[in-house]
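Engineer: here is the input, now give the coordinates:
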Amino acid sequence: MEFGLFVQGYVPAARAKAEPQAEHNALLEETEYVIQADKSGFKYAWASEHHFLEEYSHLSANDVFLGYLAHATERIHLGSGIFNPLPQVNHPVKVAEKVAMLDHLSGGRFEFGSGRGAGSHEILGFLPGITDMNHTKEIWEETIGEFPKMWLQEEYEGFQGKHWSLPPRKILPKPYRGSHPGMWYAAGSPSSYAMAAKKGLGVLGFSVQKISDMEWVLESYKGAVKDAEPIGAFVNDNVMVTSTAICAETSEKARQIAVNGGLNYLQSLLFRYHDTFPRPEGIPEWPELIPEYTEEIVDLLISEELMICGNPDEVLQQCKRWEQAGADQLSFGLPIGIPYEDTLNTIKLIGEHVIPQIDTDPVHRTTRFREAARA
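Structural biologist: Below you'll find the model as predicted:
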């Protein structure tokens, strides 16, 4: 199992009120998390694309963010988590160009994650006339298969669809060293996992919250990917899942960081903006908040495998549970409201004590797939 982290430009109201340069500081801090993760042996860093989500995410221009990190890092793969390819948001040709450009700037370390946006507040900002959120699926399905053609055909044959069109054109630049970056889809339901597998796409499982979810995830994905008809040059047989992670020198310190980290507020914002997600029983509707975490709640979340938290030995055992469940990649959502130094320390400790015990392959999984396609 490989390791990654996920950043999103999190600027909650309390920080914005207390810190005049909160937005600026948060964005720059998150570049430092990725740079440290690169030094600490993490293989992937994913950057969100969100719009209009005031407290939840200010990382809207993630292509610019990732371009900076392409120069500031050496080994870590940099992924769009996501680029939104709906033509009403980003014209597909512009997305194809950005992917190829980032592939060059990173020396072949880019990962192309795509998706359809987060919830009605974001989607309706670009598609104000729709009444069915599933309408974006039709647009995405029409578009996603065109990207490999844009990258690999010397002159793209052009496209005439229901939602966008383009005459034949040379789409430049082409990806670095032939083939193309690994393609991923942000999926949230069993049907979406199976659909991604059929298309040969890896899955960004932002919706997988606990290890018990892995059973249906793998059943939906791994069974279908065996019969994939890939839209690209190779099958990216990959399931990435996300979890909160806090690691400190002692178990007591890690739990105290979790108690003071405002995790309940971030979770409340998640369900505020991702209103297309199923709402678990007991989750209140905004502006009512999930109750603040206590030590007892943190212990419960750890025992229920909903949070990775503890000293390095505890975190190692908790990560091994995800590996045993079949995850190909475990990415940690950072930051989550905990202090900058504590976040850096989590990355360093996991890099020193956890990753070497689990990920012993020096080559990225997607690199192996891409190299095989190039051969």
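
Engineer: quick one: contacts for the residue nearest the centre of the chain?
Structural biologist: Centroid check for the chain by Cα atoms, centre = their mean gives Gly81 as the closest residue, at 3.9 Å. Gly81 is in contact with 6, 46-49, 62, 113, 186, 204, 206, counting by Cβ atoms under 8 Å, 6 or more residues apart in numbering. Where C-beta positions appear, they are placed from N, C-alpha and C, glycine not excepted.

Engineer: for it, which non-adjacent residue is spatially closest?
Structural biologist: Excluding its sequence neighbours, the residue lying closest to Gly81 (Cβ to Cβ, 6 or more residues apart in numbering) is Trp46, at 3.3 Å.

Engineer: pretty sure that neighbour sits against Gly4.
Structural biologist: Yes. Assessed by Cβ atoms under 8 Å, Trp46 is found in contact with Gly4 at 6.1 Å.

Engineer: any residues in contact with both of those two?
Structural biologist: Taking Cβ under 8 Å, 6+ apart as the contact rule, Trp46 and Gly4 both touch 79, 240, 331.

Engineer: how far does the helix or strand containing Trp216 sit from its chain's centre?
Structural biologist: Using DSSP states H and E, the element containing Trp216 is helix 214-225. Mean-position distance between helix 214-225 and its chain equals 19 Å (Cα atoms, centre = their mean, to the nearest Å).

Engineer: OK, contacts around the residue nearest to Pro168 when sequence neighbours are not counted?
Structural biologist: Counting by Cβ to Cβ, 6+ apart, Pro168 lies nearest to Gly158, which is 4.1 Å off, once chain neighbours are set aside. Each residue near Gly158 by Cβ under 8 Å, 6+ apart is listed here: 165-169.

Engineer: pLDDT, neighbour count and secondary structure for these - can I get that in CSV?
Structural biologist: What follows is those, written out as CSV (pLDDT from 0 to 100; neighbours: other Cβ atoms under 10 Å; DSSP: H, G, I helix; E, B strand; the rest coil):
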residue, pLDDT, neighbour count, secondary structure
Ser165, 98, 10, strand
Leu166, 98, 18, strand
Pro167, 98, 9, coil
Pro168, 98, 10, coil
Arg169, 98, 12, strand
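
Engineer: of those, closest to Ile246?
Structural biologist: Within those, the smallest distance to Ile246 is 46.6 Å, found for Leu166 (Cβ to Cβ).

Engineer: can you tell me how far the closest one is from Ser268?
Structural biologist: As defined by Cβ to Cβ, to the nearest Å, Leu166 lies at a distance of 42 Å from Ser268.

Engineer: is it true that Gly4 touches Ala47?
Structural biologist: No. Contact criterion Cβ under 8 Å: Gly4 and Ala47 do not qualify, at 11.0 Å.

Engineer: test my guess that Gln36 contacts Lys348.
Structural biologist: Yes. With contacts counted by Cβ under 8 Å, Gln36 reaches Lys348, the gap being 6.7 Å.

Engineer: looking at these two, which one has more neighbours?
Structural biologist: More crowded of Gln36 and Lys348, by other Cβ atoms under 10 Å: Gln36, with 19 against 15.

Engineer: chain neighbours aside, what residue packs nearest to that one?
Structural biologist: Ile347 (4.9 Å).
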